[in-house]
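> Show me the folded form of this:
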Amino acid sequence: MDFKSKIILIYGPTASGKSKFAIKLAKKVSGQIINADSMQVYKELKILTVRPFKKDYQNIKHHLYGFQNAKKNFSTGDWLRLVKHKISQCRKIKKTPILVGGTGLYFKALTDGLVNIPKIPTNFRKRVRNLHKRIGQKNFFLKLIEIDPLIKDRINSLDVQRSLRAYEIKSFTKRSMISWFKNTKSDYDHNDFYKICIDFPRKDLIERINKRSKYMIKTGAISEVKKFIKLRVPKNKSLSKAIGISEIKQYLQKKIQTEQLIDKISIKTRQYAKRQSTWARGHMKDWNKVNPAGLEKLLKKI
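Just a heads-up that it's a prediction; the model follows:
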C-alpha cells in the first residue's frame, strides 16, 4: 500500500503510545502530525493533557497543539475547519498528513462529515429537560417515538442523553435526527484514509497509565494546576474538566496525600481509557485494529 498518498488516522486509548508510533511513522512516510485530541488543543495544561515534547516538534512538524485559550469555546466544527486546512497544506508540500488522538468525535466528523443541525435555543432545551425530569425516561422515550417513529430502533430506550437530543432536534427543526445524519457527508472519499485503531491489552495499558500518572506528578503537574487555578477558567469550559485538576485541588487543600493523588488520577484515567475503547468498538468497526506488536510489523512493511 502507498501510505504516502493517504490521510493516516491513528486512534487509541490514552497512554497507548499513539504519539510515539505517529512520530516513527512520520519519519518513514515523510509525514506531518496533526492533533486529534480535544484537550491537547489548549495551551494552559501541557503536562496533564500529555502534549508531545519539544524534541518531538523539532524532529517532526506538529500542528494544532497548544494554540487555543482555555477560556474560549472550541467545538468539533472549529477543529474540523482547521484540520481540513492543515491536510490541504500537507498535501501541497507533498507531506503525508497523520492525524493522532483519542477524541472519537473528531475522527467521526472528518470521516463521516459533521451534522449541521441549527443551534437550539437554551430555553427550548431547558423545557425539554424539564419535561424529561417530570415524566421520567420511560414515558419520555414513548413520547419521543410518537413524534419521531424513525428513532424507535436506532437508539437505546434507556439512553437519556440521546433521547433528549433526538427529542429537541425533532421538536425544534421538525426533522428527525436520523434524517439530519443521513444527509451528512464527508469532504473526503472513504479510500482517502488509512485508519489505525491501537488495540492495547487492558492489563498492560493499566500499568502504563499508573506509570504515567506518577511521571506527571514528578514532572510538575501540581505547579501547572496551581497556575491554572489562578487563571479562573469557568468550570463549564472543556479544559476545566481535564483529568487531574480536581484531584490536585484536593491535594493542595491537604485532603489527600501524594500516593492517594496518583491513585485517583490513575483510576479516572483508566475509566476514560475504557470509554475510549468502548467508542472504538461501537464507531470504528471498519478501522484496522492493531496491537503494539502489530504496529512494529506495520512500520517494517513500509
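
> List the contacts of the closest residue in space to residue 132 that isn't next to it in sequence.
Nearest residue to residue 132, sequence neighbours excluded (Cβ to Cβ, 6 or more residues apart in numbering): residue 140, at 4.8 Å. No exception for glycine: its C-beta is placed from N, CA and C like everyone else's. Listed by Cβ atoms under 8 Å, 6 or more residues apart in numbering, the contact set of residue 140 reads 131, 132, 163, 167.

> pLDDT added to these, as JSON lines?
What follows is these, written out as JSON lines (pLDDT from 0 to 100):
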{"residue": "131", "pLDDT": "97"}
{"residue": "132", "pLDDT": "96"}
{"residue": "163", "pLDDT": "94"}
{"residue": "167", "pLDDT": "97"}
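
> And the furthest pair within these?
131 and 163 (11.1 Å; Cβ to Cβ).

> how about the helices in the protein?
Residue ranges of the helices in the chain, as given by DSSP state H, are 18-29, 54-59, 76-92, 104-112, 122-147, 160-173, 177-182, 202-218, 221-230, 245-252, 258-283, 292-301.

> Nearest to residue 37, out of the ones you listed?
Short answer: helix 104-112, nearest of these by Cβ to Cβ, at 7.7 Å.

> Which of residue 131 and residue 163 has more residues huddled nearby?
Neighbour count, other Cβ atoms under 10 Å: between residue 131 and residue 163, residue 163 has more, with 22 against 15.

> Hmm, the more buried one is touching residue 138, no?
No: taking Cβ atoms under 8 Å as the definition, residue 163 is not a contact partner of residue 138, at 10.3 Å.

> Identify the contacts common to those two.
With Cβ under 8 Å, 6+ apart, residue 163 and residue 138 have common neighbours residue 157.

> State the number of residues packed around the spatially closest residue to residue 265 that is not a sequence neighbour.
Distances taken as Cβ to Cβ, 6+ apart place residue 213 nearest to residue 265, at 4.5 Å, with adjacent residues excluded. Neighbour count of residue 213, defined by other Cβ under 10 Å: 25.

> Check the gap between residue 213 and residue 205 for me.
13 Å (Cβ to Cβ, to the nearest Å).

> Likewise for residue 249?
26 Å.

> And for the most centrally placed residue in the chain, nearest residue in space, chain neighbours not counted?
Per Cα atoms, centre = their mean, the C-alpha nearest to the average position across the chain is that of residue 103, at 1.4 Å. Spatial nearest neighbour of residue 103, excluding adjacent residues (Cβ to Cβ, 6+ apart): residue 38 at 4.4 Å.

> what's the answer for residue 179, then?
Nearest one to residue 179, counting by Cβ to Cβ, 6+ apart, is residue 150 at 7.3 Å.
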